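In: Sequence first, then the predicted structure, then my questions.
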Amino acid sequence: MILNQRQKDLLAWVKREGYVSVDRLAAQFQVTTQTIRRDITLLAEHRLLQRYHGGASVLSSVENVAYDARQVLMADEKRRIAQALAAEIPDNASLFINLGTTTEEVARALAQHRGLRVITNNFHIANLMCDYPDCEVLVAGGSLRKRDRGLTGEATVQFIRQFKVDYAIIGISSIEADGTLRDFDYREVQTSQAIMQQSRQVWLAADHSKFDRPAMVELGHLTQVDALFTDRLPSMPMQEVLAQAGTRLVVAG
């Protein structure tokens with residue numbers, strides 16, 4: 001699914017307001033209410049927002065967007081982020097790469113690197129990178145999730161804690177206004193926390209839709225992140241939070 005600019009802006013407005021009526025959306029975008037209803041129906045079918053009679057609201061904070069929808073949502077933005085991040089990874093580096101569609105794009109962008117040692121709990125990344133020349137891939141054990149082929153659980157955490165690597169490449173579901181990092185699955189959060197603890201540098205890859213998005217489980221804070229790679233300059237308050245946290249900001253492309 002490829003969203004047009006109106007649909008992207010509509011999503012951003014609903015996320016910011018929490019709930020917006022069809023009439024307000026139609027007036028904002030200067031289109032008919034029928035057009036807005038079609039947009040809302042499309043976005044709701046892909047679990048990007050919640051449709052209500054007369055309007056739309058943000059999704060629940062307890063459930064993420066379906067994995068296949070996330071793979072195509074913000075696809076161009078994720079590719080630009082991935083290319084910017086991969087450009088800063090040197091050859092012969094050791095990496096953790098966690099679950100997420102943005103981190104999968106980073107894995108694709110690393111195809112020309114040499115001498116990488118990659119540890120991942122993401123089967124998609126393992127399948128992709130195992131064919132790269134001169135790239136060693138270690139796959140964590142644990143409980144395999146059907147919905148996204150991710151490995152989580154205590155066995156995954158124990159495996160990760162055996163290593164100390166140069167870079168953690170992590171994705172996230174939510175960056176709150178105060179810099180709190182959140183996700184939806186506490187098992188996934190425990191794995192990401194272990195990855196961050198066992199890395200010399202923590203690099204976060206997150207497109208602009210992750211800012212101020214609701215998610216239930218606290219993962220950490222931007223103070224634990226050395227660099228944030230995103231596709232759009234954040235708001236001035238968020239830039240101040242990043243500066244106070246000591247997190248380097250990289251805006252791709």
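Out: Received the coordinates, thanks.
In: and Leu181, that one's in a helix?
Out: No: using DSSP: H, G, I helix; E, B strand; the rest coil, the secondary structure at Leu181 is strand, not a helix.
In: what about the helices in this structure?
Out: For the chain, applying DSSP state H gives helices covering 5-17, 22-29, 33-45, 67-72, 75-86, 101-109, 123-129, 154-160, 186-197, 236-245.
In: And the last one, what's buried?
Out: Using 16 or more other Cβ atoms under 10 Å as the burial criterion, the residues of helix 236-245 that qualify are 238, 241-242, 245. The way it works is simple: take the backbone N, C-alpha and C, and place the C-beta from them, glycine included.
In: winner for burial among the helices of the chain?
Out: Greatest average neighbour count among these goes to helix 101-109 (a mean of 23), per mean count of other Cβ atoms under 10 Å.
In: related to what we said a few turns ago, lowest average confidence across the helices of the chain, which one?
Out: When the helices of the chain are compared by mean pLDDT, helix 67-72 comes last with a mean of 52.
In: Determine which two of the buried residues of helix 236-245 are furthest apart.
Out: The largest separation in these, counting by Cβ to Cβ, is between Met238 and Ala245 at 10.3 Å.
In: For Val251, find the nearest of the helices of the chain.
Out: Of all the helices of the chain, helix 75-86 sits nearest to Val251, with 8.1 Å by Cβ to Cβ.
In: Compute the number of surrounding residues for Asp134.
Out: Asp134: 10 surrounding residues under other Cβ atoms under 10 Å.
In: likewise the one 10 residues further on?
Out: As a burial measure, the neighbour count of Leu144 was computed by other Cβ under 10 Å and equals 14.
In: List the buried residues in stretch 162-175.
Out: For stretch 162-175, the buried set under the neighbour-count rule, 16+ other Cβ under 10 Å, comprises 163, 165-175.
In: nearest to Cys130, of these?
Out: Taking Cβ to Cβ as the measure, Ile169 is the one of the buried residues of stretch 162-175 closest to Cys130, at 16.8 Å.
In: pretty sure that closest one is touching Ser94, no?
Out: No: the pair Ile169 and Ser94 does not pass the contact test of Cβ atoms under 8 Å, sitting 11.2 Å apart.
In: so Asp166 sits right up against Val202, yeah?
Out: No: between Asp166 and Val202 there is no contact, the gap being 10.8 Å when judged by Cβ under 8 Å.
In: Spatially, what comes nearest to Ala168 if we skip its sequence neighbours?
Out: Ser199 (3.5 Å; Cβ to Cβ, 6 or more residues apart in numbering).
In: So in terms of bridging, what pairs with that neighbour?
Out: Going by DSSP bridges, Ser199 is paired in beta bridges with Val165.
In: In contact with Leu128: list those residues for me.
Out: Going by Cβ atoms under 8 Å, 6 or more residues apart in numbering, Leu128 touches 104, 107-108.
In: May I see those residues arranged in CSV, with distance to Leu219 as well?
Out: Formatted as CSV, the contacts of Leu128 follow (distance: Cβ to Cβ, whole Å):
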residue, distance to Leu219
Glu104, 19
Ala107, 21
Arg108, 24
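In: And the residues you listed, which is closest to Tyr186?
Out: Closest to Tyr186, out of all of the contacts of Leu128 and judged by Cβ to Cβ, is Glu104, at 22.0 Å.
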